[in-house]
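[1] Could you work out the structure for the sequence below:
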Amino acid sequence: MDLSQYRPNVGVLLFHPDGRVWYGHRAGLEPNAGWQFPQGGVDPGEDLEVAARRELAEETGVRSASLLARTPDWLTYDYPPDVAGSKVARGWRGQKQVWFALRFDGDETEIDLTADRHVEFDAWRWGVLGEAPDLIVAFKREVYVRVVAAFAGFAGGAR
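    Next up, the predicted model:
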């Protein structure tokens, strides 16, 4: 597969010490849809873990987190025609992602969805890892299935 057609991106599963994961609700979407993990683009030359921590801080305010693991390879998805917009216009077929599992080491008062001027989420909650593929939009589902399998060991009893 030619990965040069895919926009570099990172994703973060933020694990609570009890094994639950952090879900954010995409701002502007209906309440029962749009729950996902933090993710975002990688700047040219940026280290992937640095990008993951930057995206996590921008989207959630969280800085107190320690690295548990990362996916070894890029995971890809294609943009569907109805949501592609400007990224396709810039020549991207989809996104290639490296995912990071981080453990939340802070206090929940650290979580601030308005930490960045570009607000991604309007609500958040801790949830069970296994529900992730059923919450995400269909075109990202296969990536979520793979990420859940990769990091299931960190969920403990909260699967």
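
[2] contacts, neighbours, all on C-alpha from now
    Noted.

[3] Check which residues of stretch 132-149 are buried.
    132-133, 135-136, 140-141, 143-144, 147-148 (16 or more other C-alpha atoms under 10 Å).

[4] Sort out which one of the residues you listed lies nearest Pro31 for me.
    Leu135 (11.3 Å; C-alpha to C-alpha).

[5] residues contacting Ser66?
    For Ser66, the contact set (C-alpha atoms under 8 Å, 6 or more residues apart in numbering) comprises 102-105.

[6] out of the residues you listed, which is most surrounded?
    Neighbour count (other C-alpha atoms under 10 Å) singles out Leu102 as the most crowded of the contacts of Ser66, with 23 neighbours.

[7] That one belongs to a strand?
    Yes - assigned with DSSP: H, G, I helix; E, B strand; the rest coil, Leu102 falls within a strand.

[8] Kindly provide the distance from it to Asp47.
    Separation of Leu102 from Asp47 (C-alpha to C-alpha, to the nearest Å): 16 Å.

[9] about what we covered before: now intersect the buried residues of stretch 132-149 with the helices, please.
    132-133, 135, 141, 143-144, 147-148 (DSSP state H).

[10] Dump the residues you listed to TSV, plus distance to Asp122 and pLDDT.
    Below are those laid out as TSV (distance: C-alpha to C-alpha, whole Å; pLDDT from 0 to 100):
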residue	distance to Asp122	pLDDT
Ala132	18	96
Pro133	20	95
Leu135	16	92
Arg141	21	95
Val143	23	97
Tyr144	21	97
Val147	24	97
Val148	23	97
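
[11] Find the least confident helix or strand in the protein, judged by mean pLDDT.
    Within the chain, confidence by mean pLDDT, DSSP states H and E is lowest for helix 85-89 among all helices and strands, at a mean of 59.

[12] Let me know the pLDDT of Gly156.
    Gly156 carries a pLDDT value of 80.
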